[in-house]
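J.: Whatever this is, show me its structure:
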Amino acid sequence: MLPVYRRKETLVHRLHPLAALALYTSLVVSILVLQNPLQLAVAGAGVLSLLLLAQARKECRPFIRLGLLMALLFTLINPLVNRQGGHVLVYGPRLPALGRLDITLEALAYGAVSGFRLLLVVTVFALLSTTVNPDDLLNILSAVSLRSSLAAALAVRLYPGLVVEAREMMEVQLARGETLKGGSRWERARAHLPFWMALFRGSLDRAAGIAEAMSARGFGSGKATRRRRRLRGGDIAFIVASCGMLAAALASSLRGGYRYFPTLGNPLAELNSWGTVFLAALFAVLALIGRLWKRWPWLRSRI
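T.: Presented below is the predicted three-dimensional model:
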């Protein structure tokens, strides 16, 4: 299943694209600058609350699976290439080019935290792609560069249709009894050749139809008109909360990070309490507002 945007009646889907961009950008920056594992756990709880609030678990599942795979690779590979740390868990063999492959507790912990950070970033981008209308994002981009936004809009519109058409054509070929996977390479290439030719002709016909529609509507003959969407009270509140989240994360990182090498530090001793409490309270308030927005029609009309 393609992870695409689907309109839902949630507060996250109703956000202005600028507010959504501010929220997701502040989340990504906060995840990247925070070093303490406890603060990253708080950020992970915030990302999970947004995922549940947006009701996008099914749409984000392919992204999350990819993020889990990459996090696992980080956890497994980092101890093999990073030999820093004072607590050796496994004394490995000595290789001619790589030296002694010792696995340390510090390298394993650093790899696990880095993998978890990557998983959170992938999940945030999954939320961005599934909860923000791409047309609204491209409408913002058109104010900066009309040609670039036009090319991006055409690509966004053509690619999902191309994938669906390719899947339907492959199903038709399989229903006719044509072999697409078996046989030699030459036989598979011959079986796929009509498929690729038909897909190419269909994409050309679709592009020609879009060009004719744009010409009929007088595209490029005058000043471009843009659909403007105003910021509401809830959008401004989310922008302010995003700025507060970013400020708390940057303040926590500037006051001192977390020590992984040569020995693991104490997460509680090196924790910025005020910044962590502020982040946790901010995520809790956003989750509470989202729940109340779903159940309270008056609040839904105001935000």
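
J.: Which strands or helices does the lengthiest helix in the chain pack on?
T.: Taking DSSP state H as the criterion, the chain has its longest helix at helix 185-216. Using 3 or more CB pairs under 8 Å, 6 or more residues apart in numbering; DSSP states H and E as the contact definition, the elements that helix 185-216 packs against are helix 146-175. In short, each C-beta sits where N, CA and C put it, glycine included.

J.: If you average the pLDDT over stretch 195-202, what comes out?
T.: Stretch 195-202 shows an average pLDDT of 81 in the prediction.

J.: Sort out which residues of it are buried, please.
T.: For stretch 195-202, a neighbour-count test (16 or more other CB atoms under 10 Å) marks F195, L199 as buried.

J.: got any ranges where the protein has weak pLDDT?
T.: Low-confidence regions of the chain, defined here as pLDDT under 70, cover residues 1-4, 98, 142-150, 152-153, 155-157, 159-160, 178-183, 219-228, 256, 303.

J.: all strands of it, in order?
T.: In order along the chain, the chain carries the following strands (DSSP state E): 88-90, 94-95, 99-100, 103-104.

J.: I'd like the distance from the last one to the chain centre, please.
T.: By that I understand strand 103-104. In terms of CA atoms, centre = their mean, to the nearest Å, the centre of strand 103-104 is set 31 Å apart from its chain centre.

J.: who touches that strand?
T.: For strand 103-104, contacts defined as CB atoms under 8 Å, 6 or more residues apart in numbering pick out P79, L80, N82, R83, Q84, G85, G86, H87, V88, L89, V90, G92.

J.: want to try CSV for the residues you listed, with neighbour count and distance to A189 as columns?
T.: Output for the contacts of strand 103-104, formatted as CSV (neighbours: other CB atoms under 10 Å; distance: CB to CB, whole Å):
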residue, neighbour count, distance to A189
P79, 24, 43
L80, 14, 39
N82, 17, 44
R83, 17, 47
Q84, 11, 50
G85, 22, 51
G86, 11, 56
H87, 13, 55
V88, 15, 52
L89, 14, 50
V90, 10, 47
G92, 16, 45
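
J.: now, among these, which is nearest to G99?
T.: Looking at those and their distance to G99, the nearest is R83, at 7.6 Å (CB to CB).

J.: got a list of what that closest one touches?
T.: Here R83 is in contact with G99, R100, L101, D102, T104, A107 (criterion: CB under 8 Å, 6+ apart).

J.: out of those residues, which are buried?
T.: Listed as buried from these are D102, T104, A107; burial here means 16+ other CB under 10 Å.

J.: Relative to V12, which of these is nearest.
T.: The shortest approach to V12 among those belongs to A107, at 37.2 Å (CB to CB).

J.: wait, the closest one sits on I77?
T.: No. Checked against CB atoms under 8 Å, the pair A107 and I77 is beyond contact range at 10.2 Å.

J.: any idea how far T131 lies from P62?
T.: Going from T131 to P62 by CB to CB, to the nearest Å gives 15 Å.

J.: scratch that, N78 is what I was asking about
T.: N78 sits 25 Å away from P62, taking CB to CB as the criterion.

J.: By neighbour count, which bits of the longest helix of the chain are buried? Give me those.
T.: Buried, per 16+ other CB under 10 Å, within helix 185-216: A191, H192, F195, L199, R206.

J.: Apart from its neighbours in sequence, what residue is nearest the last one?
T.: On the basis of CB to CB, 6 or more residues apart in numbering, the spatially nearest residue to R206 that is not a chain neighbour turns out to be L158, at 6.6 Å.
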